[in-house]
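S.K.: Next one to model:
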Amino acid sequence: MEKEKKYYTSKEAIIKMRDWCAYQERCQQEVRDKLYEYGLKTDDVENIIVQLINENFVNEERFAIAFAGGKFRIKKWGRVKIKMELKAKRVSDYCIKKGMAQIDDAEYINVLKRLLALKSKLITEKNHLKKKQKLVRYALGKGYEQDLIFDLLNSEEDS
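M.R.: Next up is the predicted model:
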């Protein structure tokens with residue numbers, strides 16, 4: 001059974017949005033999409049977003065920092081995947097750079113090493129090249145840079 005869509009007035013929507021944004025960091029696009037779901041017109045949506053920004057409920061830079069840090073620490077995503085997701089959410093390049101700066105290079109490499117080591121243990125493939133290919137595909141899917149993946153895999157072979 002399909003849930004009936006609820007429409008809100010601007011005043012009701014701003015109250016709901018304050019609660020929604022206080023619960024978790026949101027980007028402008030997520031808020032915009034939610035307000036359109038509430039059946040609001042473009043002018044009302046943009047006015048509410050401006051109000052939420054002025055009240056500091058919505059802050060793209062803060063969102064990008066929290067998003068990048070969280071996806072890296074919790075989901076072990078690489079920079080490529082994080083950037084793509086932020087771009088999909090229409091976050092500005094400036095804010096994306098700020099978010100990416102939160103990821104420590106040494107920690108980033110260590111996380112990728114651990115991911116590759118764990119995955120390597122799970123792969124039963126006997127052929128060395130096929131196993132390496134599977135590891136590369138896995139790390140690319142997690143959003144890590146191809147050159148970094150190859151550097152780490154080749155340095156492991158050399159040692």
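
S.K.: quick one: secondary structure of Tyr8?
M.R.: Here Tyr8 is recorded as coil under DSSP: H, G, I helix; E, B strand; the rest coil.

S.K.: what's the answer for Glu107, then?
M.R.: helix.

S.K.: That one and Leu115, how far apart?
M.R.: Separation of Glu107 from Leu115 (Cβ to Cβ, to the nearest Å): 12 Å. Just so you know, the C-beta spots here come from the backbone N, C-alpha and C atoms, and that holds for glycine as well.

S.K.: which residues do the two both contact?
M.R.: The contact sets of Glu107 and Leu115 do not overlap (Cβ atoms under 8 Å, 6 or more residues apart in numbering).

S.K.: Comparing those two, which residue is more hemmed in?
M.R.: Leu115 (19 against 11; other Cβ atoms under 10 Å).

S.K.: hang on, that one packs against Lys142?
M.R.: Yes - look at Leu115 against Lys142 with Cβ atoms under 8 Å: they come within range, at 6.6 Å.

S.K.: shared neighbours of the two, anything?
M.R.: Common neighbours of Leu115 and Lys142 (Cβ under 8 Å, 6+ apart) are Lys76.

S.K.: dump the residue contacts of the closest residue to Arg90 other than its chain neighbours.
M.R.: Counting by Cβ to Cβ, 6 or more residues apart in numbering, Arg90 lies nearest to Gln29, which is 4.5 Å off, once chain neighbours are set aside. By Cβ under 8 Å, 6+ apart, the residues touching Gln29 are 89-91.

S.K.: can you check Tyr144 too?
M.R.: Here Tyr144 is in contact with 78-80, 112 (criterion: Cβ under 8 Å, 6+ apart).

S.K.: One more: Glu156?
M.R.: Leu116.
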